[in-house]
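J.: Please find the sequence and the predicted model below.
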Amino acid sequence: MASTSNRTGGDSFYGGATPYRSREGLSTRPVASSDEIQLRIDPMHGDLDDEISGLRSQVKQLRNVAQDIGSEAKFQKDFLDQLQMTMIKAQAGVKNNIRKLNKSIIKNGGNHIVHVVLFALFCFFVVYMWSKLSRR
């Protein structure tokens, strides 16, 4: 009785939709776990060997797709690992260069201050001499 309600789409397991039928002779039945699908084979309407070979080919195709997905995931993981290592090396290089630049600024910063002080003294001397010479 439950199988007739499945065929007409009246069961709430399918949300009111008709159940999946791969070919004539196979139909799905609801089970306790929603991850499992059980097939009921009607020997009057289908050839069992054709169904089994069709399912085997579908399983092989799914296995190939899963292997492709796995290899693509591995490739992307390796690529991201390489990218992360490159970023770590770049950050270390930038940090090292900033450290060298700071040391250089500290080392040469004193020289700049000396130059500015000497230039100010020179300008003061020139203004002083010009004022002395202009009074005469």
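T.: Cool, got the structure. Numbers count the residues shown, from 1 in each chain.

J.: Kindly provide the distance from residue 57 to residue 51.
T.: 11 Å (Cβ to Cβ, to the nearest Å). (Each C-beta comes from the backbone N, C-alpha and C, glycine too.)

J.: So for those two, which sits in the more crowded spot?
T.: residue 51 (17 against 10; other Cβ atoms under 10 Å).

J.: The more buried one in helix, strand or coil?
T.: Here residue 51 is recorded as helix under DSSP: H, G, I helix; E, B strand; the rest coil.

J.: For this protein, just list every one of the helices.
T.: Here the chain has its helices, by DSSP state H, at 2-8, 48-135.

J.: Return the most buried member of the ones you listed.
T.: helix 2-8 (a mean of 12; mean count of other Cβ atoms under 10 Å).

J.: Report the mean confidence score over that helix.
T.: For helix 2-8, the mean per-residue pLDDT is 44.

J.: and if you look at stretch 123-134?
T.: 91.

J.: ok, now stretch 49-56?
T.: Stretch 49-56 comes out at a mean pLDDT of 82.

J.: May I have that stretch exported as CSV, CA atoms only?
T.: Output of stretch 49-56 as CSV, limited to C-alpha atoms (Å, rounded to 0.1, in the frame of the first residue of the first chain):
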residue,chain,number,x,y,z
ASP,A,49,21.1,-7.7,-16.1
ASP,A,50,20.6,-4.5,-18.0
GLU,A,51,19.7,-2.6,-14.8
ILE,A,52,22.8,-4.0,-13.0
SER,A,53,25.2,-3.2,-15.8
GLY,A,54,23.6,0.3,-16.1
LEU,A,55,24.1,0.9,-12.4
ARG,A,56,27.7,-0.4,-12.6
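
J.: Please renumber the chain so that the first residue is 658 from this point on.
T.: I'll keep to 658 as the first residue from here, and by that count the last item is stretch 706-713.

J.: Return, as residue ranges, the portions of this structure with sub-threshold pLDDT.
T.: 658-703, 766-767, 793 (pLDDT under 70).

J.: let's see it at 90
T.: The chain contains residues with pLDDT under 90 at 658-714, 758-774, 788-793.
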